[in-house]
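**Q** Provided below are the primary sequence and the corresponding predicted coordinates.
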Amino acid sequence: MSTDAASLEFRDVVKRYPGADENAVDELSLELPAGEICVLVGPSGCGKTTAMRMVNRMIDITTGDILLDGRSVTERKAADLRRDIGYVIQQIGLFPHRTIADNIATVPRLLGWDKQRVSERIDELLDLIGLGSEMRDRYPAQLSGGQRQRVGVARALAADPPLMLMDEPFGAIDPINRERLQNEFLRLQAELRKTIVFVTHDIDEAIKMGDRIAVLRKGGRLAQYASPAELLMFPADPFVEDFVGADRALKRLALQRVRDIELWNGALCRVGEETSAVRARLAEADLEFPLLVDGQGRPKGWLSERGLSGERVREDIRSRAEPVLDLDDILRDALSDLLSTETMYGPVVDAEGTVRGVLSLRAIANALNIAPEEVPSSAELASGALTQ
Amino acid sequence: MIVASLFAQAPQVPEGFFTQRDPDDLSCVAENGFCPGWIVENFERYVDPFFEHVYLVAVSVAIGFAIAFCLGLLAHRQRWLTGPLIGATAALYTIPSIALFLLLLPITGRGNTTAIIALVAYTQLIIFRNMVNGLRNVPADAVDAAAGMGLTPTQTLLRVEVPMALPEILAGLRIAASTTVGLATLAFFAGAGGLGAQIDAQINFKSNVVVAGGLAVVLAAALDLLVLGMQRALMPWRRAAPA
């Protein structure tokens, strides 16, 4: 259903407002491959919104150029250019005097789509954002903040633009709903694969939403342009280091799932097995405690010394195998589970509940040493979850 | 003839007013009271002045609205014009109405044209100011979103800004309509007819003044309801229940 996404390139882009002493955006150069989310992040006054608004020429470029699929944005009439670029702003800017359907239909109608096609597209988009078709004839004032935000996204997607600009799109939403909208949007993006320029002042949102993050500092200078993992592991300078925060190691863990890291080998044993075989396995294992599992390989608990004292394994558990972690758990959540049950190890199970390995605090520490290219972005995590 | 002699004692009621032979009404008119019987009998004489009045008001408000609306759009595009235009329309508004009717007489002559020019002048300040304020109060985010989605400035103005400014624009129209109904009662100074001419004709006869004046009030109220109805019809989103 999607038209192809477009690549985007900033080439030595400068914005200087008349009468200003300093550039608002200074020699900004960055490339964004088609289908990726680029987050522009930085403190207020760093020119991130200005940089974004130059893409659809809501603000004129002073010098330099912005290329959309290799073609300068200044080549076309501004209004034509903008109809090809989705636009979502923090205040949403729904038209209060138009119904939800009419709001969504704005750009398709500007493009002269026929009625039938517009109407079908409205239904398709309402479905996509999870609103019922009974919402068609409501007015924005009758919707909740979260619903309005979804409609804003649907309206921006209406003509299936190859590029979307989003300026703090979830900034005015309460934290619980913001998280939900972010996740929804990542799932949507996994499907749509648009090229997206996303502006935020919130580094956590940037890490969550971005395939690439451009950190800007005052005066519109690019401090670093990197993947979330690289930004967290190798901040380019003290400014970026300070901006990403002291908990950057923990933030990195939010980008990985348990299945992404090397798990420890545990010695599994079943009731009635020969203890000598279990002892042999223990010598090979990364962990000195055998894990008792049931017939289906599901964890029952850590076996005590007494359980191994006879010829055959007896059911004698030292402690229950808690927490039981899932391969799909986010690593940060898994760590939190370990810490909150005051333990160093936890068995990891797959979707069937079968033990696939053991997660230990040390395995997590090792995970922080893997190369940033191997750490996926949240957007990739979301698309991975979708394909499973 | 008996009737004529009766009238001789009540000189404030001109000849020909009396058409009824009910003695109660006779004495009511003679005493210059409020005479329902007389009113019913003579209502016909108010019909033409009433419609003249409606005509004056409708034409003046329509022309006035058209001019002020265009001035409002112009001032929205050329911000610097707002101040001078408010000054000019306010200056028009402060000219005493009778003076304006009389001032125009030598130029445009007696009749409806003169009256309408003056009445149009008085609508300008209210409609223009409301229009400018209405457009200025349109939320910036809606205008930004409109431009960002590729509406041209004219499309943004006509499809987003004007509709969103309608409540204030129509509020201005309501006030202008009511004011014009009142001012039009002075239009007879310019030689136009209307309810004012009828009041003036028998200004000392209470029943006459009450009926003619009352019709003006009814007209003002009716116009108010009409604009209110337009408001409801044009702005369904204002009635939609909030979440």
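**A** All right, it came through fine. Numbers count the residues shown, from 1 in each chain, chains lettered A, B, ... in the order given.
**Q** CA atoms for contacts and neighbours, from now on please.
**A** OK.
**Q** So which residues on chain B come close to chain A?
**A** Neighbours of chain A within chain B, by C-alpha under 8 Å from any C-alpha of the partner chain: B:141-145, B:147-152, B:160, B:163-164, B:235-238, B:240-243.
**Q** 10 Å instead?
**A** Neighbours of chain A within chain B, by C-alpha under 10 Å from any C-alpha of the partner chain: B:139-153, B:155, B:159-161, B:163-164, B:234-243.
**Q** From chain A, how far off is the nearest residue to B:A90 once chain neighbours are set aside?
**A** Of all residues not flanking B:A90 in the chain, B:L125 sits nearest, at 5.6 Å (C-alpha to C-alpha, 6 or more residues apart in numbering or on different chains). Between B:L125 and chain A the distance, using C-alpha to the nearest C-alpha, to the nearest Å, works out to 27 Å.
**Q** give me phi/psi at B:L125?
**A** With angles defined as degrees, to the nearest 10, B:L125 shows backbone torsions of phi -60, psi -50.
**Q** wait, it sits on B:G83?
**A** No - between B:L125 and B:G83 there is no contact under C-alpha atoms under 10 Å: 11.9 Å.
**Q** When those two are compared, which one has more neighbours?
**A** Neighbours were counted for B:L125 and for B:G83 using other C-alpha atoms under 10 Å in any protein chain shown; B:L125 has more, 24 against 10.
**Q** which ones are touching that one?
**A** Neighbour list for B:L125: B:64, B:68, B:85-94, B:131, B:172, B:176 [criterion: C-alpha atoms under 10 Å, 6 or more residues apart in numbering or on different chains].
**Q** so which of these comes closest to chain A?
**A** Closest approach between the contacts of B:L125 and chain A, by C-alpha to the nearest C-alpha: B:M131, at 17.2 Å.
**Q** Compute the number of surrounding residues for that closest one.
**A** 31.
**Q** so what's it scoring on pLDDT?
**A** Looking at B:M131, its pLDDT reads 95.
**Q** Tell me the buried residues in the one helix or strand it maps to?
**A** Using DSSP states H and E, B:M131 maps to helix B:112-136. Under the neighbour-count criterion of 16 or more other C-alpha atoms under 10 Å in any protein chain shown, helix B:112-136 has B:112-135 buried.
**Q** for stretch A:302-312, same thing?
**A** Buried residues in stretch A:302-312, counted by 16+ other C-alpha under 10 Å: A:W302, A:L303, A:S304, A:G307, A:L308, A:R312.
**Q** what does stretch A:234-245 give?
**A** Across stretch A:234-245, burial judged by 16+ other C-alpha under 10 Å covers A:P235, A:V240, A:E241, A:F243, A:V244.
**Q** Between which two of these is the distance greatest?
**A** Distances among these were taken as C-alpha to C-alpha; the most separated pair is A:P235 and A:F243, at 9.2 Å.
**Q** what's the single longest helix in the chain?
**A** Using chain A here. Ordering each helix of chain A by length in residues (DSSP state H) puts helix A:175-192 first.
**Q** switch to chain B, that's the one I care about
**A** helix B:47-77.
**Q** outside of the following helix or strand past that one, which residues touch it?
**A** Counting by DSSP H and E, the next helix or strand C-terminal to helix B:47-77 is helix B:82-94. Helix B:82-94 is contacted by residues B:68, B:71-72, B:74-76, B:81, B:100, B:118-129, B:132 when judged by C-alpha under 10 Å, 6+ apart.
**Q** and the residue in the stretch 151-300 of chain A positioned nearest to chain B, how many neighbours does it have?
**A** For the stretch 151-300 of chain A, the residue closest to chain B is A:A156, as judged by C-alpha to the nearest C-alpha, at 7.7 Å. Residues lying near A:A156 (other C-alpha under 10 Å) number 30.
**Q** same check, this time on A:G132
**A** If we define neighbours as other C-alpha under 10 Å, then A:G132 has 12 of them.
**Q** How many neighbouring residues does the closest residue in space to it that isn't next to it in sequence have?
**A** Leaving aside its chain neighbours, A:G132 sits nearest to A:L126 (6.3 Å; criterion: C-alpha to C-alpha, 6+ apart). For A:L126, the count of nearby residues is 22 (other C-alpha under 10 Å).
**Q** Fine by me, we can end here.
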